[in-house]
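K.L.:
The following block contains a protein sequence and its predicted model.
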Amino acid sequence: MTEISAQQKAEVLSEALPYIQRFFDKTIVIKYGGNAMIDEELKEGFASDVVLLKLVGMNPVIVHGGGPQINELLDRIGKKGEFIQGMRVTDAETMDVVEMVLGGHVNKEIVSLINKHGGKAVGLTGQDGHFIKARKMYLKGANDDELIDIGQVGEIESIDPSIVAHLDAHDFIPVIAPIGVDREGESYNINADLVAGKLAEVLHAEKLILMTNTPGVLDKEGNLLTGLTAARIDELFADGTISGGMLPKISSALDAAKNGANSVHIIDGRVKHALLLEVLTSQGVGTMIRAH
Ligand SMILES: Nc1ncnc2c1ncn2[C@@H]1O[C@H](COP(=O)(O)OP(=O)(O)O)[C@@H](O)[C@H]1O
Ligand SMILES: CC(=O)N[C@@H](CCC(=O)OP(=O)(O)O)C(=O)O
């Protein structure tokens, strides 16, 4: 990194003032993808950024993924992770692993890192207070009437925002694992992008930030698309530019942009302090998704 002078440092800090004013007391939903949890330095940087945003008066709400971490544990028990349209095929044994990894290890690691940096993080899954109500999801097949069963995967029926709002109001930082529950108490594995998007809607978030492992959405030549509207997204879906895990990500980003989140961004979580750059500087990185 090139050295910057004391004067330049002061200017960077001063540049944050209008953003702090604009986002004071606003909710920022941050999806921390499993692919962005690469090394300790990045994870520490993420945790300290979250604490900084909270201390300057914003309400960060974290939803985390953990896809690669689930794959790692599946590998260890000799099971291969399988995805269809960006969704994990989840049989009963896989669901146990999902609950262990998302509700256990990954959630607790993020909570503990935030707390180490001086925040007051509280870990939750949708089971807590039944706040994420889910039902079994089926994927659409090639023909419209064909439905694909992918096991214990859920789609969101509703999210009760009150627990998160209570935690925010008392200076806690909610850290949410994407597990939902139905009326019978059955757990469902939900794609974390869907939970983050819906949460941003019900909380009327100022920002939804999806942190992943690409510079943003790329076109077929690999160039970064800095802004996308619904019409352009339809074209990119149709010509196959968007695939795999980017499918649910863009769908939920667009739904959130249409239904209540003020601005929606897909950013590169492999960049150190990507969160601070996005929220507190004019160097917003990645792709911004807009309804129109
Ligand atoms: N057009 C595209 N632009 C960028 N990434 C894409 C695109 N289409 C598919 N992808 C894939 O989507 C991945 C991000 O989704 P995913 O693996 O689910 O990440 P996360 O764990 O962060 O949710 C990228 O690493 C890339 O492989
Ligand atoms: C149904 C489904 O696909 N659930 C995801 C939940 C975790 C997730 O979304 O993690 P990333 O954000 O790191 O991809 C999974 O099992 O991998």
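P.N.:
Cool, the structure landed. Numbers count the residues shown, from 1 in each chain. Ligands and ions are numbered 1, 2, ... in the order given.

K.L.:
how far does stretch 123-142 stretch from start to finish?
P.N.:
Counting by CA to CA, to the nearest Å, you get 39 Å between the two ends of stretch 123-142.

K.L.:
Kindly report the residues of this protein close to ligand 1.
P.N.:
Contact residues (CB under 6 Å from any ligand atom) of the chain with ligand 1: 33-36, 65, 67, 193, 212-214, 217-218, 241-246, 249. Glycine gets a C-beta too; all of them are placed from N, C-alpha and C.

K.L.:
Return the members of those classed as buried.
P.N.:
Among the residues of the chain next to ligand 1, those scoring as buried are 33-36, 65, 67, 193, 212, 214, 217-218, 241-242, 245-246, 249 (criterion: 16 or more other CB atoms under 10 Å).

K.L.:
Flag the least confident of those.
P.N.:
Ranked by pLDDT, those bottom out at Gly245, which has 88.

K.L.:
my guess is that residue meets Ile84, correct?
P.N.:
No: assessed by CB atoms under 8 Å, Gly245 is found out of contact with Ile84, at 11.8 Å.

K.L.:
Which of the residues of the chain next to ligand 1 fall within strands?
P.N.:
Those of those mapping onto strands are 212, 217-218, per DSSP state E.

K.L.:
Would you mind giving those residues as CSV with distance to Leu228 added?
P.N.:
Compiled in CSV, those are given as follows (distance: CB to CB, whole Å):
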residue, distance to Leu228
Thr212, 15
Val217, 6
Leu218, 11
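
K.L.:
out of the residues you listed, who's near ligand 2?
P.N.:
Residues of those in contact with ligand 2 (CB under 6 Å from any ligand atom): none.

K.L.:
Out of these, which comes closest to Pro60?
P.N.:
Closest approach between those and Pro60, by CB to CB: Thr212, at 17.4 Å.

K.L.:
Next, find the distance separating the residue in the stretch 151-292 of the chain that ligand 2 sits nearest to from Glu72.
P.N.:
Relative to ligand 2, the nearest point of the stretch 151-292 of the chain is Ala192 (3.4 Å; CB to the nearest ligand atom). Ala192 sits 16 Å away from Glu72, going by CB to CB, to the nearest Å.

K.L.:
Give the ranges of residues in the chain that sit below the confidence cut-off.
P.N.:
For the chain, residues meeting the criterion pLDDT under 70 lie at 1-2.

K.L.:
related to what we said a few turns ago, among the buried ones among the residues of the chain next to ligand 1, which ones are in helices?
P.N.:
Under the assignment DSSP state H, these contribute 67, 193, 246, 249 to helices.

K.L.:
Farthest pair within the residues you listed?
P.N.:
Maximum pairwise distance among those (CB to CB): 12.7 Å, between Gly67 and Met246.

K.L.:
you'd agree Ile62 is up against Val51?
P.N.:
No: using CB under 8 Å, Ile62 makes no contact with Val51, being 11.3 Å away.
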